[in-house]
Structures are given as structure tokens and as C-alpha cells.
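Student: generate coordinates for the sequence data below:
(one chain, ligands or ions: 1)
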Amino acid sequence: MISKYYPEYLQEYKNHEYVENEYGFATFELTPDAIIIGDVYVRPDYRKQGFATEIITDVCAIGRKQGCKHIVATIYMGYAGKEISLLAALKFGVKIISAGADKIIVAKEL
Ligand SMILES: CC(C)(COP(=O)(O)OP(=O)(O)OC[C@H]1O[C@@H](n2cnc3c(N)ncnc32)[C@H](O)[C@@H]1OP(=O)(O)O)[C@@H](O)C(=O)NCCC(=O)NCCS
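Tutor: Sure, this is the predicted structure:
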């Protein structure tokens, strides 16, 4: 089991907040202008039912309240879930900001 202190670590070391429900979670950083998505995870049995979209929508609401204007995510080409992550991000309405051999950066106005 991962340490119950991991959220504290994320907060202190990476300045990451998180949102979770019984289906999954997202970590993110709030900067004055943008929400920067860290990790997104939905448990396998609950995928393709809109839960990632729901969680990211909640993250957007938090960011908007803090005055953020954009949501930004980086999809790393070395990760197993890169295709699904990109499809999910595009379905969410992001635009591709930059695409390189190692990563694709996407963003959406809030
Ligand atoms: C990526 C992930 C978070 C998506 O979660 P999810 O709850 O299944 O996503 P949603 O149901 O909100 O899907 C939103 C859209 O993403 C796309 N999508 C999601 N899963 C897909 C799949 N298996 N194949 C194709 N498109 C997919 C679809 O466009 C979908 O919209 P639609 O169902 O209306 O067609 C989930 O698959 C996951 O946890 N994967 C493992 C961890 C990971 O790779 N995280 C991302 C990097 S941090």
C-alpha cells in the first residue's frame, strides 16, 4: 500500500493538490494563471463511464475559483496510457500547444 502520507508529500514537495472520489483521483498544481495537471487515474472497472471527465471538471471548478484562466496537461510519450490520455484530453476540449517526440502539451481555456 502506498503511504497515507503521500498526499502530504505531494503538497509539500511538489505543491500539488488533489481531488479524489471512490473511482479515482487527479493531482494538480495551481499557479496564478493555470491549473497544471499532474496525474489522473480511474480504477479499471470504472473506466469509460465519464469519471475522469467528472474529476477534471471538479479540478477546473477549483482552478476557476482561484482565478486560473487555463488548464494545462503534459502527455509523455513513454507512458503506457499515452493514447487514451490524449483521446480523453481531446474529448475534454483541449488544444495541442506543442508536440515533440517525448511529450505533447495540451491546454484549454477555463
Ligand atoms: C486515462 C483515464 C484517466 C481515463 O479515465 P476514464 O474515466 O475512463 O475517462 P472518461 O470516461 O472520462 O473518458 C473521456 C473520454 O476519453 C476517451 N477515452 C477514454 N478511455 C478510452 C479508451 N479506452 N479508448 C478510447 N478512448 C477513450 C473517450 O473519448 C472518452 O469519451 P467518450 O466515452 O464519450 O467517448 C483512465 O483510462 C486511466 O486511469 N488510465 C490509467 C492511468 C493513466 O493513463 N492516466 C493518464 C496519465 S496521468
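
Student: so where's the longest strand in this protein?
Tutor: In the chain, with assignment by DSSP state E, the single longest strand is strand 34-42.

Student: packing partners of that one?
Tutor: Applying 3 or more Cβ pairs under 8 Å, 6 or more residues apart in numbering; DSSP states H and E, one finds that strand 34-42 makes contact with strand 24-30, helix 51-65, strand 70-76. (Each C-beta comes from the backbone N, C-alpha and C, glycine too.)

Student: contacts for that strand?
Tutor: 10, 14, 16, 23-30, 51-52, 55-56, 59-60, 62-63, 68-74, 85, 88, 107, 110 (Cβ atoms under 8 Å, 6 or more residues apart in numbering).

Student: for the chain, which residue gets nearest to the ligand?
Tutor: residue 81 (2.4 Å; Cβ to the nearest ligand atom).

Student: and the next helix or strand past the helix or strand bottoming out on mean pLDDT in the chain?
Tutor: Sorting the helices and strands of the chain by mean pLDDT, DSSP states H and E puts helix 6-9 at the bottom, at a mean of 88. The helix or strand immediately downstream of helix 6-9 is strand 17-20, counting by DSSP states H and E.

Student: in that next one, which residues are buried?
Tutor: 17-19 (16 or more other Cβ atoms under 10 Å).

Student: mind listing what it pairs with, with the direction of each?
Tutor: Sheet pairing of strand 17-20 (DSSP bridges) gives strand 24-30 (antiparallel).
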